[in-house]
Each structure stands twice: as structure tokens, then as C-alpha cells.
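Colleague: show me how the following folds:
(2 chains)
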2 protein chains.
Amino acid sequence: MSQERLIEIETGILSQNDRYAAGNRARLAAQGVYAVNLVSSPGSGKTTLLCATIRAMADAQMGDVAVIEGDQQTTNDADRIRETGAPAVQVNTGKGCHLDGHMVGHAMEHLHLHDNSTLFIENVGNLVCPAAFDLGEDAKVAILSVTEGEDKPLKYPDMFTAARIALLNKVDLAPHCDVDLDLYETNLKRVNPLIEVIRVSARTGEGLPEWLDWLARNATAKRGTAEKAAE
Amino acid sequence: MSQERLIEIETGILSQNDRYAAGNRARLAAQGVYAVNLVSSPGSGKTTLLCATIRAMADAQMGDVAVIEGDQQTTNDADRIRETGAPAVQVNTGKGCHLDGHMVGHAMEHLHLHDNSTLFIENVGNLVCPAAFDLGEDAKVAILSVTEGEDKPLKYPDMFTAARIALLNKVDLAPHCDVDLDLYETNLKRVNPLIEVIRVSARTGEGLPEWLDWLARNATAKRGTAEKAAE
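Modeller: Presented below is the predicted three-dimensional model:
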């Protein structure tokens, strides 16, 4: 198959995805739902961090939360989320390497989202493919474990260019690894000068207040913009 | 685009890849080169483990080694490999999420492989897509960091079904994480009852002798089979 033909096919798939994503975005905007797409390598600690986030949001009375979980197989992650009390839908992608707009639209229907709630979409663990697929979210949030190495932003630049914020996770393990947390941040800003970075640990709770503050500020900004547009 | 059309395209891409992979395999067999395809998440420690492996193979006089490095961007990994004295070619896949047979064939030409040597192909860090692409290798070797979580084999079964052996890496970090190494092995064998598992640490050298022994045994078996066939 020629390179030109492959590019044509890829463009076709992406433009179809963009139509579904636009539909999702319109539905989320109509309900004032703030949606984040959590992207990372497998094993960065996305689900554990998300469970800790949901519990902290409940304590802080930050409103309703719902979750869409993407994995090739198993319902483990949705089961873990439901233990926090939040509703969750698991999407199994089978051979698929990322969630797409169509899958997320279907999952949203099952979730019966509440107005002014927060929707977390945990993508398939993959630092490459989910970068190219808009799901209709307000922001991609990249999660990077300190055990992965400071060079990852440079080696997988598409994902960190697409992300609005990076959560540098498992900082409690930093003393046991040969890692330079400042170099992680430097490399993140080399590929995306606008990216925000928060150092977090789901285990110790470090950085969770800053992350919750980021979520609250951005959700409020989205709803404020929507109200202005409606006036 | 219809699902049927997508499947047709995927089948076309894979069958074209298989032709390149078969060409690579024939060239490797003719020279008695044993080739392994190292697959894992980003940040599992593939390159560090590979550098330690190459140094240990040199100490043990296990013959010539060459390396093909796959990454979306940067030549960091090939630079690190060359510091060990082994020749290395970096393949940058750009937007691509895996190496394919065609890329590896090109890289092999640049490497001028020696007879009866070992070729390591370090794939793009991705636990999903490289599972489907034969490169002409003798074995896929999956590397899994103990920091990633025991559920990864269940959630990404294709990769661990495709792999002949799993190296459970960074075992030196196990005491600092809430991990159950036996459960990793149980889950690996649930998705692939024939998979071999070795616990290793590139940092402490734990498990390296067993891993080198595995390489030596399998390379010898390949060359023995080829000699029998030639008699």
C-alpha cells in the first residue's frame, strides 16, 4: 500500500472521529460538564490517582463526577472507580490502541451525566496513539510516572504537545530512582512551552490540592464562558 | 468509513508487513543471526537493561551484537547503545506507534550484521500496537517494570500472548512499591501459559545471568536447527 494511500485513509479516519468528537463537545457544553482525557503509558498510576482525585473531590464538595474507562481488556478499572461511589462505564477496545469519539459518545449515553459535573475519560495506556484522537474533551491531561525517565517527553513529543497539563506522578518513589524532577519539567517545556506541571503522589496525597484547584479553575472558566455566550 | 473497510485496510497493511518480515527472517537465518524484538511500555527500562545486557554479553564473550532502536523522536537511545561499543541504528517513526518489517529491513542493511551475531530490536515504547507487527525476529521479549502494576498482562493481553518471555524489570524497586511479584507471574501465565518469566534489575544485575543463559540457549537452538536443515 502506498504512503499516499495510507495518509488518505488516516485523514479519513481522523475526520470521521472529529465529527463524533464535535458532537460530544456540544453535548458536554450544553450541560456544563467539564471533561478531561487522561493519557499516559500503561502503569503510570492513572487509575490510582483518579480514585484519589474522586475521593478528594467528594471531600471538597466539588460536585458530581462520572468516569469512562478505556482498556483493551478487563473491567478492573471501572470496578475500582465504582468503589469510590462514582458511576463508571468500561469500554474494552479489544485490539484497539486508543479510545475514539464514537466510543466515548456511546459511553456518555450510558452514564446519564449530571449538569455541571466533571467527566474523567481514562484512555487506553499508550503514549502514542491517543494523542491524535479528539474525544470532545476540554483538556488532555498527561500523567507521567517518575519511574519512566526524564527523556519521555522528548521521545513521545506528540502526546505532551497535545496535553494542557502534565501530572508528574509517584513522586514518593523519586528518592529510590535515579531521577531529576527538574529535568522532567525542563523536557516537558521544551516540547510544549505552555504545559503546566504538577508533582503528585496518589499514595501520599502530595500535589492533590493543586490538581483539584486546577480542575476547579478550568471547570469554572468553561462554565463562565458558556454563560457569557448565552447572554 | 465502515468497519468492514477498516478491517480490509488493516489486513492489507499486515499482509504487506508479513512479506517484509519474511524477507528479514530469511536474511537473519542465512547468517545465523539470533534476533529479539524488545517490546514494552515507555519507561519500563528497556534501554538501560539492553545496555547492561550488551556489557554482560561482552564480558561473557557471547559474540557480536547489533541494535536497532525505534522511537518517535530523538537519537538518545542509539547514542546510549553506542557507548557500550555495539553498533546501533536509530529509526524515528515520527507519528508512528511501532516498528514494521520494512523499517527493520532498511536498518539491517545499514548495520552490516556479522554471521552468528545477536540483533536486538528495541521497539517503540507501546504495549499495544507492536504486538501485531512481525519484524522477522526469533522472539518477542516483553519487558515489564514492577512499578507498572500486576494487572498489566490482563489488560494488554495481546502483547503478552505474542511474547515468548517476560522480563520483570526494576525488581530493586519492589520493596518501595505495593507490588506482589508472584501475582505478576500468575497473571502473565493466565494470558500465556507458555511464557517464561525472569525477574531482573539492570541496576543491581539481578537475573542477568539467567537472561543471558536464555539468549545463549535459544540462539544455539536456532543455529543448530539451521545446520540440521542444511545437512
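Colleague: geometric centre of chain A: which residue is closest?
Modeller: Taking Cα atoms, centre = their mean, the centroid of chain A lies closest to A:Leu38, which sits 1.5 Å from it.
Colleague: phi, psi for it please.
Modeller: Backbone torsions of A:Leu38, given as degrees, to the nearest 10, read phi -90, psi 120.
Colleague: and what of A:Val36?
Modeller: The phi/psi pair for A:Val36 (degrees, to the nearest 10) reads phi -120, psi 140.
Colleague: can you get me a residue count around it?
Modeller: 24 (other Cβ atoms under 10 Å in any protein chain shown). Quick note: C-beta positions are derived from backbone N, CA and C, even for glycine.
Colleague: returning to that earlier point: which residue sits closest to the residue nearest to the centre of chain A, ignoring its sequence neighbours?
Modeller: A:Glu122 (4.8 Å; Cβ to Cβ, 6 or more residues apart in numbering or on different chains).
Colleague: what's the weakest-modelled helix or strand in chain A?
Modeller: The weakest-scoring helix or strand in chain A, judged by mean pLDDT, DSSP states H and E, is helix A:3-31 (a mean of 86).
Colleague: which strands and helices lie in contact with it?
Modeller: Counting contacts by 3 or more Cβ pairs under 8 Å, 6 or more residues apart in numbering or on different chains; DSSP states H and E, helix A:3-31 is packed against strand A:34-40, helix A:101-111, helix B:3-31.
Colleague: okay, the angle between it and strand A:34-40?
Modeller: 140 degrees (axes from the mean of the first three to the mean of the last three Cα atoms, to 10 degrees).
Colleague: quick one: A:Leu91 is in a helix?
Modeller: Small correction: residue A:91 is Val, not Leu. No - if the criterion is DSSP: H, G, I helix; E, B strand; the rest coil, then A:Val91 is strand and not within a helix.
Colleague: would you map the strands across chain A?
Modeller: Here chain A has its strands, by DSSP state E, at A:34-40, A:65-71, A:88-92, A:118-122, A:139-145, A:165-169, A:196-199.
Colleague: save those strands as CSV, and put in mean pLDDT too.
Modeller: Formatted as CSV, those follow (pLDDT from 0 to 100):
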stretch, mean pLDDT
strand A:34-40, 98
strand A:65-71, 97
strand A:88-92, 96
strand A:118-122, 98
strand A:139-145, 98
strand A:165-169, 98
strand A:196-199, 98
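Colleague: same list, these, but as TSV with distance to B:Met108 please.
Modeller: Formatted as TSV, the strands of chain A follow (distance: least, Cβ to Cβ, whole Å):
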stretch	distance to B:Met108
strand A:34-40	33
strand A:65-71	35
strand A:88-92	37
strand A:118-122	39
strand A:139-145	33
strand A:165-169	36
strand A:196-199	40
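Colleague: right, and A:Ile68 touches A:Thr93 too?
Modeller: No - A:Ile68 lies out of contact with A:Thr93 (Cβ atoms under 8 Å); the separation is 11.8 Å.
Colleague: common neighbours of these two, please.
Modeller: A:Leu99 (Cβ atoms under 8 Å, 6 or more residues apart in numbering or on different chains).
Colleague: looking at the two, which has the bigger crowd around it?
Modeller: Shown here are A:Ile68 and A:Thr93; by other Cβ under 10 Å, A:Ile68 has more neighbours (28 against 18).
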